[in-house]
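1. Kindly return the folded structure for what I paste below:
(one chain, ligands or ions: 1)
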Amino acid sequence: MPDIPSAPAVELRDVHKFYNEFHALRGVSLSIAKGEVCVAIGPSGSGKSTLLRCINQLEIITAGRIFLEGELQGYREIDGRFHPLPQSQVARQRRRTGMVFQRFNLFPHMTALENVVEGPIHVRGIPKAQARERAVALLDRVGLRGLGARYPNQLSGGQQQRVAIARALAMEPEVMLFDEPTSALDPELVGEVLDVIKDLAESGMTMMLVTHEIGFAREVADDLVFMDCGLIVEQGRPQDILSNPQEARTRAFLSKVLV
Ligand code: ADP
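-> I've put the predicted structure just below:
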């Protein structure tokens, strides 16, 4: 059998995003292999969150292409022309990526367990008993055993974020996207969330993470991307970029955050 290289888990080709007149992504190309952890760092407003939101199709790209395992996202191409996919197809594609936000976004009127089973039951049509069993196991996995009956306001920020991670995992995504998952947390709660993310990374989950935690980026990233003004300025192994940045903009950014 010939060895056919598999498509990357995530591939962006010359992606542009405008918000009205504002050019937020200015031609981003990026490839994430299956099982790889890609971490994006960079100043506020550089387009990191927009990039994740485009991969998750929360934002519609203005130009370029995004593929998940070789499947074009959001569009189909017929005779060189792009036609937007119907909503049902977009919804199916969106389920391939799980997103975790800075501000947890849990349903406040549901318990932790209900938050985790909601998607599997109502979106994926999984039988209730099976969804609950899996949710209990997922809450256990993120270190929240026995806390499934609590409402979000009865949990700490770190616990809420771990529920949000369990909720995303319950949909069995192929890729996890984390948008500054610890930046809304009190400092003493950051570690418990990073531990869960690290554990996921070690389990072989493909992921892209936007973070200001440079030490953590060094630890978990296979590939580190530095963004500025809607562009990837520098990319490579974290130890290379962090210890020996080649670009002036990367050096300037790191000199501010690595104090
Ligand atoms: P980062 O995650 O690096 O902080 P963002 O992707 O959030 O950057 O934002 C990139 C730029 O796009 C910023 O200048 C921001 O103000 C702008 N932007 C983000 N979302 C919107 C939006 N919905 N409408 C208009 N401008 C936006």
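2. hey, let's count contacts and neighbours off CA atoms from now on
-> OK.
3. Relative to the ligand, how far out is the residue nearest the centre of the chain?
-> Central residue of the chain (Cα atoms, centre = their mean): Leu177, 0.7 Å from the mean position. As judged by Cα to the nearest ligand atom, to the nearest Å, Leu177 and the ligand stand 13 Å apart.
4. contact partners of the helix or strand hosting that residue?
-> Element membership for Leu177 (DSSP states H and E) is strand 175-179. With contacts defined as Cα atoms under 8 Å, 6 or more residues apart in numbering, strand 175-179 is touched by 9, 49, 52, 96-102, 168, 205-211.
5. hang on, Arg65 is in a helix, isn't it?
-> No. If the criterion is DSSP: H, G, I helix; E, B strand; the rest coil, then Arg65 is strand and not within a helix.
6. From Ile55, how far out is the closest residue to it other than its chain neighbours?
-> Nearest residue to Arg65 in three dimensions, chain neighbours excluded: Arg13, at 5.2 Å (Cα to Cα, 6 or more residues apart in numbering). Arg13 sits 12 Å away from Ile55, going by Cα to Cα, to the nearest Å.
7. Need the residues touching each of these two.
-> Ile66.
8. Compare the two (neighbour count), which wins?
-> In this view Arg13 and Ile55 are compared by other Cα atoms under 10 Å, and Ile55 has more residues nearby, 27 against 15.
9. show me the contacts for the more buried one.
-> Per Cα under 8 Å, 6+ apart, neighbours of Ile55: Ile66, Thr97.
10. Give me the phi and psi angles of it.
-> phi -60, psi -40 (degrees, to the nearest 10).
11. What mean pLDDT does whichever strand or helix holds Gln93 get?
-> Taking DSSP H and E as the criterion, Gln93 maps to helix 87-94. Taken as a whole, helix 87-94 has a mean pLDDT of 95.
12. CA atoms of that helix as CSV?
-> The C-alpha trace of helix 87-94 is given here as CSV (Å, rounded to 0.1, in the frame of the first residue of the first chain):
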residue,chain,number,x,y,z
GLN,A,87,-26.8,26.0,7.7
SER,A,88,-27.3,22.3,8.5
GLN,A,89,-23.9,21.5,6.9
VAL,A,90,-22.2,24.3,8.7
ALA,A,91,-23.7,23.1,12.0
ARG,A,92,-22.3,19.6,11.2
GLN,A,93,-18.9,21.0,10.5
ARG,A,94,-18.9,23.2,13.5
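13. Quick check: next helix or strand after that helix?
-> strand 97-100.
14. touching the ligand at all, that next one?
-> No. Strand 97-100 stays out of contact with the ligand when judged by Cα under 6 Å from any ligand atom, the minimum separation being 13.4 Å.
15. before we move on, what about stretch 184-199?
-> No. For a cut-off given as Cα under 6 Å from any ligand atom, stretch 184-199 has no contacts with the ligand; the smallest distance is 13.8 Å.
16. Show me what counts as buried in that stretch.
-> Neighbour-count burial for stretch 184-199 flags Ala184, Leu185, Leu189, Val190, Glu192, Val193, Leu194, Val196, Ile197, Lys198 (criterion: 16 or more other Cα atoms under 10 Å).
17. Show me which of these is closest to Leu258.
-> Nearest to Leu258 out of the buried residues of stretch 184-199 is Val190 (Cα to Cα; 17.7 Å).
18. Let me know whether that closest one touches Gly158 as I believe.
-> Yes. Look at Val190 against Gly158 with Cα atoms under 8 Å: they come within range, at 6.8 Å.
19. Give me the neighbour count for Arg81.
-> If we define neighbours as other Cα under 10 Å, then Arg81 has 8 of them.
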